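In: Everything below, folded, please.
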Amino acid sequence: MKLPIDLTGSFLTQFETAKTVLAPYTKRVYLVGGSVRDLYLNAPLHDLDIEVYDMAPDVFDDVMKRMGAVGVGKSFYVYKWGVIDFSLPRVERKSGVGHSAFEVDVCQDEKEASKRRDFSMNAMMVNIFTQELFDFWGGVQAIEKKRLAIIDEQSFQEDSLRVLRAMQFSARLGFKIESKSLKIMQEISLADLSKPRILWEFEKLFSAPFLHIGLFYMYQLCLFEKCFTCKVENRFFEIARELIRCKHNFQEELLSYYFVYIVANRLGQDPLVWLNMLDAPNHYRRLFRNQPFVEGEISDEMLLHVSLDMPLCEWLGHYQVGVKERALDFGIWEKPFDGGISVYEVMGDGFEGRGIGEELRKRRMKKIQELCEAE
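Out: Take a look at the predicted model:
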């Protein structure tokens, strides 16, 4: 079976250059991993992964350096050049704690090298010269059935990050996890993963097109308990409905924050405690320091009180139905509520220091009360 390598733009330019550079050395050069999956799905490509066989490491190193490719990470065998990652085929053995603690050896057997991949759909290979497709683990069948299936149980268990990747793929592609693979994943501890990496995976989940499927596997894989140390129990479906129903109201620039805000508050957790536990970047902590959560119907008075501290475009609760429209009517979407009362007015009445802010807030709150009583 052949799989046409149909590329355009910078992908095509760099791909053709790579073929020209590598052709004198070997004809066993393969496009591998997610790029083959995406070609088969006719999905947008983000990068290309190319595996080069029949080249000694020192020769490969010299060719990569002459191309201007840069070595990536600790492994001698991986180089980045524009949109292409080049590597020698390899096998990996767990050598310590963490998803990156592996010993790496060169391997010249295509089937053995592809066995280190996580799922069958990611283990396909296409020869860049002949476009012949190698599919040792049933990747084509898995894609046709929209199914995630583990290739090798032992190697999969050695990299706990793959459990979160399964959740990601299900949400991004709309694939279901094969039942045996799901049982294997449910038994894998995530304790060795770095906390920031966990948060990053959930950020990606939230922007996926099949969020409902990703959330279902988050529940099935007990990721609430494993990653956030809390039980979701019977509140899962309530949370999932809210996330899915209101997703169209989320502001693009705040996408990475809604998940923590909604899930933590629905489970009665303090988001800041979670963020500290996950060693979240400072921008998370700054945003969440003053994010009130309102359960149930949101009245105009509640909206106005929230807007005393921030414009509602910065409040994570603005995703709820009708909030943005009412905020625009009140003029509090892009600026806080001031009630027409200025700092200078308060200062003119003799207030000083901290008393200025306290009096300003008091008067604006009174203005909110008057507005709401007049309705």
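In: Any regions of this protein where pLDDT drops low?
Out: 73-76, 93-102, 375 (pLDDT under 70).
In: which one's the longest helix in it?
Out: Longest helix in the chain, counting residues (DSSP state H): helix 354-374.
In: Report the distance from it to the chain centre.
Out: 42 Å (CA atoms, centre = their mean, to the nearest Å).
In: Show me what that helix is packed up against.
Out: helix 300-306, helix 343-348 (3 or more CB pairs under 8 Å, 6 or more residues apart in numbering; DSSP states H and E). C-beta: built from backbone N, CA, C; applies to glycine.
In: Export only the CA atoms of it, formatted as PDB.
Out: The C-alpha coordinates for helix 354-374 follow below in PDB (Å, rounded to 0.1, in the frame of the first residue of the first chain):
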ATOM      1  CA  ARG A 354      -6.800  54.200  52.400                       C
ATOM      2  CA  GLY A 355     -10.000  56.100  53.200                       C
ATOM      3  CA  ILE A 356     -10.200  57.200  49.600                       C
ATOM      4  CA  GLY A 357     -10.500  53.700  48.300                       C
ATOM      5  CA  GLU A 358     -12.900  52.600  51.000                       C
ATOM      6  CA  GLU A 359     -15.200  55.600  50.500                       C
ATOM      7  CA  LEU A 360     -15.100  55.200  46.700                       C
ATOM      8  CA  ARG A 361     -16.100  51.600  46.900                       C
ATOM      9  CA  LYS A 362     -18.900  52.400  49.500                       C
ATOM     10  CA  ARG A 363     -20.400  55.100  47.200                       C
ATOM     11  CA  ARG A 364     -20.200  52.900  44.100                       C
ATOM     12  CA  MET A 365     -21.900  50.000  46.000                       C
ATOM     13  CA  LYS A 366     -24.600  52.400  47.000                       C
ATOM     14  CA  LYS A 367     -25.000  53.500  43.400                       C
ATOM     15  CA  ILE A 368     -25.400  49.800  42.400                       C
ATOM     16  CA  GLN A 369     -28.200  49.400  45.000                       C
ATOM     17  CA  GLU A 370     -30.000  52.500  43.700                       C
ATOM     18  CA  LEU A 371     -29.700  51.200  40.100                       C
ATOM     19  CA  CYS A 372     -31.100  47.800  41.000                       C
ATOM     20  CA  GLU A 373     -34.000  49.300  43.100                       C
ATOM     21  CA  ALA A 374     -35.000  51.600  40.300                       C
END
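In: what's the closest of the helices and strands packed on helix 354-374 to D329?
Out: Of all the helices and strands packed on helix 354-374, helix 300-306 sits nearest to D329, with 9.2 Å by CB to CB.
In: ranges for the helices of the stretch 101-250 of the chain?
Out: 110-114, 139-144, 153-157, 161-173, 179-186, 195-206, 211-220, 223-228, 236-245 (DSSP state H, counting those that start in this stretch).
In: Throw those into CSV and include mean neighbour count and distance to L275, thanks.
Out: Shown next, in CSV, are the helices of the stretch 101-250 of the chain (neighbours: other CB atoms under 10 Å; distance: least, CB to CB, whole Å):
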stretch, mean neighbour count, distance to L275
helix 110-114, 18, 39
helix 139-144, 18, 36
helix 153-157, 15, 29
helix 161-173, 23, 18
helix 179-186, 15, 26
helix 195-206, 18, 8
helix 211-220, 21, 18
helix 223-228, 19, 11
helix 236-245, 15, 18
